[in-house]
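Visitor: Here's my sequence, what's the structure:
(one chain, ligands or ions: 1)
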Amino acid sequence: MGPLESEMMDAENPTEQDSKKRHRCDSQHDSSAGEVDAKGGQLQNSSNQDALVNNNRKKKGKTIFPYGNYNTYYNYRVARTLDADPRMTVMQKIWFEDKDVFDIGCNEGHVTISLVQKYRVRSMCGVDIDPGLINKAWNNLYYESGVPEKDTPQSLYEWIDYVREGGDAALEDEDCTHGAAGDQLQVSTSDTDIGLQGKELLQRVIFKNANILHCDLRSNMLDTVLCLSVVKWIHLNWGDEGLLELFIKIYRILRKGGVLILEPQPWSSYVRKHRVSEVCRSNYKKLVIRPEHFPGILLEQIGFKSCEQITLEVPESTKGFSRPVYLYTK
Ligand SMILES: C[S@@+](CC[C@H](N)C(=O)[O-])C[C@H]1O[C@@H](n2cnc3c(N)ncnc32)[C@H](O)[C@@H]1O
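Guide: The predicted model follows:
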């Protein structure tokens with residue numbers, strides 16, 4: 001194994017010592033925590049996923065994160081000298097300002113919250129399969145807002161109705177006209193560069209604990225979907241079928257002209273991580289689709305109109321994390 005590979009391997013296996021850094025808010029919960037509070041973090045019928053996530057196994061003293069649900073992820077991703085995630089430098093205002101955004105696999109919500117603060121996103125929903133991470137994301141949101149937790153404003157966007165898990169709650173497409181929820185928003189935007197704080201920040205963000213594949217989402221409801229370093233985990237856990245289901249879902253929930261910002265992991269990273277669980281190991285052997293097939297699939301089969309490589313590598317990223325980021329437009 002070369003030095004880079006070994007670093008990347010370590011980068012995907014953060015240890016407890018690393019958690020000393022970069023916690024905006026020192027949550028009492030770790031990612032294996034079972035319960036999430038009543039702020040909407042836990043969706044109903046979350047099926048077996050919680051049991052699976054909560055059973056992050058320990059192997060040779062190391063905790064195993066079968067969904068990439070690392071609880072110290074940002075300690076690794078963000079170089080010690082930096083405050084912000086380097087991927088923030090490749091994000092453009094036009095994809096976020098006054099937009100309705102969905103962050104798939106939001107982890108502790110650092111990027112999710114930073115985008116809302118920087119670009120005054122109109123509404124943001126971060127979803128993650130791990131309830132402990134969602135709990136941390138809520139804590140981080142309150143910390144950034146400066147609002148005491150007891151003072152919870154109503155979310156301006158009706159995400160609670162729009163993001164739900166379960167098969168029989170499917171919503172009709174005709175109910176999903178543009179601005180169905182957005183019409184209710186009465187938020188001011190300004191040109192100031194000062195990051196959003198206070199209730200205005202709280203009102204724009206919601207975090208949900210759910211498996212994206214089980215989420216029932218309205219069609220044509222979003223301007224921007226973020227899918228950063230998540231695809232490999234869905235691909236390994238749910239196979240080619242799960243991957244295609246994810247792509248179809250993303251396409252469906254985007255409005256016409258909406259964008260998918262995709263940061264796929266390279267195949268080499270699958271090779272290293274597929275032994276993380278029996279499910280991943282078994283699925284890995286059957287995978288036919290490779291990351292280099294994604295543009296063809298998304299454009300020719302799923303229906304995206306265009307694909308642009310936003311960046312070949314993310315400047316200032318820690319080793320192993322400088323991956324290409326793509327922009328797909330519906
Ligand atoms: C490697 S982390 C990337 C976090 C974040 N997107 C970023 O790039 O900073 C992958 C995240 O995806 C989440 N995840 C994996 N499978 C998921 C699924 N099916 N539904 C929702 N979240 C998922 C994991 O819990 C984890 O937080």
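Visitor: And the strands in the stretch 51-200 of the chain?
Guide: 58-59, 62-63, 100-104, 123-128, 163-165 (DSSP state E, counting those that start in this stretch).
Visitor: between these, which one is nearest to the ligand?
Guide: Nearest to the ligand, of all those, is strand 123-128, at 4.5 Å by Cβ to the nearest ligand atom. In this view, the C-beta of every residue, glycine as well, is placed from N, C-alpha and C.
Visitor: Next up, the contacts around the residue of the stretch 101-250 of the chain found nearest the ligand.
Guide: Nearest to the ligand, among the residues of the stretch 101-250 of the chain, is Gly105, at 2.5 Å (Cβ to the nearest ligand atom). Contacts for Gly105 (Cβ atoms under 8 Å, 6 or more residues apart in numbering) come out as 68, 127-129, 212, 227-230, 233.
Visitor: Reformat the strands of the stretch 51-200 of the chain as CSV; add distance to Lys208 and mean neighbour count.
Guide: As requested, these are exported to CSV (distance: least, Cβ to Cβ, whole Å; neighbours: other Cβ atoms under 10 Å):
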stretch, distance to Lys208, mean neighbour count
strand 58-59, 28, 10
strand 62-63, 24, 15
strand 100-104, 10, 27
strand 123-128, 5, 28
strand 163-165, 5, 22
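Visitor: Switch those over to CSV; also include distance to Glu308.
Guide: What follows is the strands of the stretch 51-200 of the chain, written out as CSV (distance: least, Cβ to Cβ, whole Å):
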stretch, distance to Glu308
strand 58-59, 40
strand 62-63, 37
strand 100-104, 18
strand 123-128, 23
strand 163-165, 28
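Visitor: do you know which of those strands lies nearest Val147?
Guide: The closest of those to Val147 is strand 123-128. By Cβ to Cβ, the value is 16.3 Å.
Visitor: Direction included, what does the closest one pair up with?
Guide: strand 100-104 (parallel), strand 205-209 (parallel) (DSSP bridges).
Visitor: Which one of the contacts of Gly105 sits in the busiest neighbourhood?
Guide: Within these, neighbour counts (other Cβ atoms under 10 Å) peak at Asp128, which reaches 31 neighbours.
Visitor: so where's the stretch 101-250 of the chain uncertain?
Guide: By pLDDT under 70, the low-scoring segments of the stretch 101-250 of the chain are 151-194.
Visitor: Get me the contact residues on it for the ligand.
Guide: 105-107, 111, 127-130, 133, 211-213, 228-230, 233-234 (Cβ under 6 Å from any ligand atom).
Visitor: Give me the subset of those residues that lies in helices.
Guide: Under the assignment DSSP state H, those contribute 111, 133, 233-234 to helices.
Visitor: Scan those and report the most crowded one.
Guide: Leu133 leads those on contacts (other Cβ under 10 Å) with 32 neighbours.
Visitor: Go ahead and confirm that residue touches Glu108.
Guide: Yes. Leu133 lies in contact with Glu108 (Cβ atoms under 8 Å); the separation is 5.6 Å.
Visitor: Overlap in contacts, these two.
Guide: Joint contacts of Leu133 and Glu108 (Cβ under 8 Å, 6+ apart) are Asn71.
Visitor: that older thread, how close does the residue of the stretch 101-250 of the chain closest to the ligand sit to Asp98?
Guide: For Gly105, the distance to Asp98 equals 24 Å [Cβ to Cβ, to the nearest Å].
Visitor: which residues in the chain form helices?
Guide: Under DSSP H, the chain gives helices at 3-11, 49-54, 73-77, 110-119, 131-145, 159-162, 198-204, 231-253, 267-273, 278-286, 294-296.
Visitor: Show me which pair in the ones in helices among the residues of the stretch 101-250 of the chain next to the ligand is furthest apart.
Guide: Val111 and Ile234 (17.8 Å).
Visitor: Any chance of a markdown table for the ones in helices among the residues of the stretch 101-250 of the chain next to the ligand, columns distance to Ile289?
Guide: Converted to a markdown table, these look like this (distance: Cβ to Cβ, whole Å):
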| residue | distance to Ile289 |
| --- | --- |
| Val111 | 26 |
| Leu133 | 27 |
| Trp233 | 15 |
| Ile234 | 12 |
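Visitor: now, among those residues, which is nearest to Cys280?
Guide: Among these, and counting by Cβ to Cβ, the member closest to Cys280 is Trp233, at 8.5 Å.
Visitor: got the contact list for the closest residue to that closest one other than its chain neighbours?
Guide: In this structure, Trp233 finds its nearest non-sequential neighbour in Gly68, 4.1 Å apart by Cβ to Cβ, 6 or more residues apart in numbering. Applying Cβ under 8 Å, 6+ apart, we find Gly68 in contact with 12, 105, 229-230, 232-233, 273.
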